[in-house]
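K.L.:
Fold the following.
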Amino acid sequence: QVQLVESGGGLVQAGGSLRLSCAASGSILSINTMGWYRQAPGKQREWVAMITAFHSTKYADSVTGRFTISRDNRKNTVYLEMNSLKPEDTAVYYCNAAGVRGEIGDSAHDYWGQGTQVTVSS
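P.N.:
Residues are numbered from 1 along each chain as shown. Modelled structure (predicted):
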């Protein structure tokens, strides 16, 4: 079984910064893609950013230029550096690990973290 544990959320003023971390633990041979999603109150969960095992990245238009995703493959950890935060960034942020294999020949599985709250005050 694989677990994802997020940390780093909190309350920050508009214009401030936060750094989220998500560590995957358990039987892990490889993780294809890691990413971040968020869900604001009353809204559907939306994709924020993703990074492949080879560190190729993509971002949602709403966070491009303000957020930076990175990962440490040795630690099975993904980070999200969030700068110039806006009140509309307020949401629960979820970590996702896609294409996780525990052993050679295993089928791939996807996992989600429990979420961490980010609140940006105006």
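K.L.:
C-alpha from now on. contacts and neighbour counts both.
P.N.:
Noted.
K.L.:
so what's the backbone phi/psi at the closest residue to Ser84 other than its chain neighbours?
P.N.:
Counting by Cα to Cα, 6 or more residues apart in numbering, the nearest residue to Ser84 once its immediate chain neighbours are dropped is Gly15, at 4.2 Å. Main-chain torsions, Gly15, degrees, to the nearest 10: phi 90, psi -10.
K.L.:
how close does Gly15 sit to Leu80?
P.N.:
16 Å (Cα to Cα, to the nearest Å).
K.L.:
Comparing those two, which residue is more hemmed in?
P.N.:
Leu80 (23 against 14; other Cα atoms under 10 Å).
K.L.:
Kindly state the beta-bridge partners for the more buried one.
P.N.:
Applying DSSP bridges to Leu80 gives these bridge partners: Leu20, Ile69.
K.L.:
Would you mind confirming that it is in contact with Leu20?
P.N.:
Yes - judged on Cα atoms under 8 Å, Leu80 makes contact with Leu20 at a distance of 5.0 Å.
K.L.:
That'll do, ta.
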